[in-house]
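1. okay, predicted coordinates and the sequence, questions at the end:
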Amino acid sequence: MDTLIAPSVLAADFANLQSEIELINDSTADLIHVDIMDGVFVPNISFGFPVVDAIKKHAQKPLDVHLMIVNPDQYLKAFKAAGAETITVHLEACQHLHRTVQAIHELDCKAGVAINPHTNVELLRDIIRELDTVIIMSVNPGFGGQEFIEHTYEKVRNLKAIITASGSSAKIEIDGGVNMENAYKLIDAGADILVAGSFVFNAEDPKATIAKLKEL
Ligand SMILES: O=C(CO)[C@@H](O)[C@H](O)COP(=O)(O)O
Ligand SMILES: [Fe+2]
């Protein structure tokens, strides 16, 4: 399968959000990654529904919504209404993860689960068949522009083995510090989707950078 590229809007210029979304539309990116941070689950606040609505208004690619919030169940419907195609919740933020995943599917969204760098992929074994995607965080969630954690490759390989053994069709998505050096190693280890924020938006030519990642 082709690797999917998901630029993270967190690194975009919010004062020019429309043109940043249009840039993604005109690129070979597959998804638009939207990071929601609540200042409780993570030590940062990103943006809320009015901004997601504004992104959706211009987006021509599916919205991949990454919820870094406590009590995500409370907001699933609202994110569906705001235009999310995939909703990803954090394993560490859910007491009844299976129920939350069911609720996402009942909204006709794809369901993802994200795990922090300290969380072992083994914890996904009993839910992997229900998932469309798993986000392996390759930085501690909360900020863009952080350094990639090298242990991620091993996690990708271990998760790939769990997916294969269980016959799941879940895709492996990597989020945090992705760049040209680690991207090919991640693909080699079994990654299906790469999120890239600062590497894309801080580049001189973001569209060409997306194309280069896509070509790997
Ligand atoms: O979820 C997060 C951070 O918590 C990410 O989606 C970042 O937005 C990725 O940004 P870069 O590390 O690629 O700059
Ligand atoms: Fe993210």
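-> Cool, got the structure. Ligands and ions are numbered 1, 2, ... in the order given.
2. the one residue in the chain that gets nearest to ligand 1 - how many residues pack around it?
-> In the chain, no residue comes nearer to ligand 1 than Gly197, which is 2.7 Å away by CB to the nearest ligand atom. Placement of C-beta: from N, CA and C, glycine included. By other CB atoms under 10 Å, the residues close to Gly197 number 24.
3. what does the chain have sitting close to ligand 1?
-> Applying CB under 6 Å from any ligand atom, one finds that the chain approaches ligand 1 through 8, 10-11, 33, 35, 66, 68, 139, 141-146, 175-178, 195-199.
4. give me the buried entries from the residues you listed.
-> When the residues of the chain next to ligand 1 are checked for burial by 16 or more other CB atoms under 10 Å, the buried set is 8, 10-11, 33, 35, 66, 68, 139, 141-144, 175-178, 195-199.
5. rewinding a little: which of the residues of the chain next to ligand 1 fall within strands?
-> Of those, the ones assigned to strands by DSSP state E are His33, Asp35, His66, Met68, Asp175, Val195, Ala196.
6. wait, doesn't the first one sit right on Ala6?
-> Right, the one you point to is His33. Yes: with contact defined as CB atoms under 8 Å, His33 counts as touching Ala6 (4.1 Å).
7. overlap in contacts, these two.
-> Counting by CB atoms under 8 Å, 6 or more residues apart in numbering, the common neighbours of His33 and Ala6 are Asp64, Val195.
8. bridging across strands, which residues link to the residue of the chain found nearest ligand 2?
-> Closest to ligand 2 within the chain is His66: 3.7 Å, counting by CB to the ion. Counting by DSSP bridges, His66 forms beta bridges with Asp35, Thr88.
9. residues contacting it?
-> If you count contacts by CB under 8 Å, 6+ apart, His66 has them with His33, Val34, Asp35, Ile36, Thr88, Gly112, Ala114, Ile135, Asp175, Val195.
10. what do you get if the cut-off is 7 Å, keeping everything else the same?
-> His33, Val34, Asp35, Ile36, Thr88, Ala114, Ile135, Asp175 (CB atoms under 7 Å, 6 or more residues apart in numbering).
11. got TSV for those, with distance to ligand 2 too?
-> Shown next, in TSV, are the contacts of His66 (distance: CB to the ion, whole Å):
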residue	distance to ligand 2
His33	6
Val34	8
Asp35	4
Ile36	9
Thr88	8
Ala114	8
Ile135	7
Asp175	4
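12. quick one: the helices in the chain, in order.
-> Ranges of helices in the chain, per DSSP state H, are 17-25, 49-58, 76-81, 97-106, 152-166, 180-189, 198-201, 206-215.
13. can you tell me what sits against the longest one?
-> Which is helix 152-166. So helix 152-166 is contacted by 121, 124-125, 128-129, 134, 136, 138, 170, 172, 174, 185-186, 189-191 (CB under 7 Å, 6+ apart).
14. and the furthest pair within the residues you listed?
-> Arg129 and Lys185 (27.4 Å; CB to CB).
15. tally of neighbours for Ile172?
-> What Ile172 shows, counting by other CB under 10 Å, is a neighbour count of 22.
16. appreciated, that's everything.
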